[in-house]
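> Please find the sequence and the predicted model below.
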Amino acid sequence: MLAGLLRDEAEAHGLLALMLIHHARRWARFRGDDLVLLEDQDRSLWDLDHIAQGRAVLDQAIALGGRGTYVVQAAIASLQARERIDWP
C-alpha cells in the first residue's frame with residue numbers, strides 16, 4: 001500500500017522489494033524450532049514468483065534513483081536469492 005501511495009519514493013519500493021524477497025524464503029528458514037542458515041536452506045521451498053516480483057520492484061526503486069538503506073538491503077537480498085551466490 002505504501003509503495004502504491006508513494007509511487008515516486010524509491011525507498012518505499014526498496015522496502016517492498018526487501019519484504020517480498022525475504023518473504024519468499026519463509027518456509028525454508030526454519031526446521032522445527034531451529035533456524036536454517038541461507039546456505040543450508042532447501043531452495044525448492046522458496047517462492048520464485050515472490051522473488052521475481054521483488055526483483056521487479058527493486059528495478060523500479062533503482063530506476064527512481066534509489067540508493068537508500070532499503071534499496072541496498074533489497075539488492076543484497078536479491079543477490080543472495082541467486083542460484084549461485086558469489087559471497088566475496
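Looks like it arrived, so ask away. Numbers count the residues shown, from 1 in each chain.
> What segments of this protein are strands?
Per DSSP state E, the chain carries strands over the ranges 30-31, 34-35.
> most tightly surrounded among the ones you listed?
With neighbours defined as mean count of other CB atoms under 10 Å, the strands of the chain peak in mean count at strand 30-31, which reaches a mean of 11. C-beta coordinates here come from the backbone N, C-alpha and C atoms, glycine included.
> Now do the same for that one: mean pLDDT, whole number.
Strand 30-31 comes out with an average pLDDT of 94.
> Spatially central residue in the protein, please.
The C-alpha lying nearest the average C-alpha coordinate of the chain belongs to Ile21 (CA atoms, centre = their mean; 2.6 Å).
> Once you drop chain neighbours, what's closest to that residue?
Using CB to CB, 6 or more residues apart in numbering and skipping the chain neighbours, the partner closest in space to Ile21 is Gly54 (3.8 Å).
> As a markdown table, the strands of the chain with distance to Ala3 would be great.
Shown next, in a markdown table, are the strands of the chain (distance: least, CB to CB, whole Å):
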| stretch | distance to Ala3 |
| --- | --- |
| strand 30-31 | 28 |
| strand 34-35 | 29 |
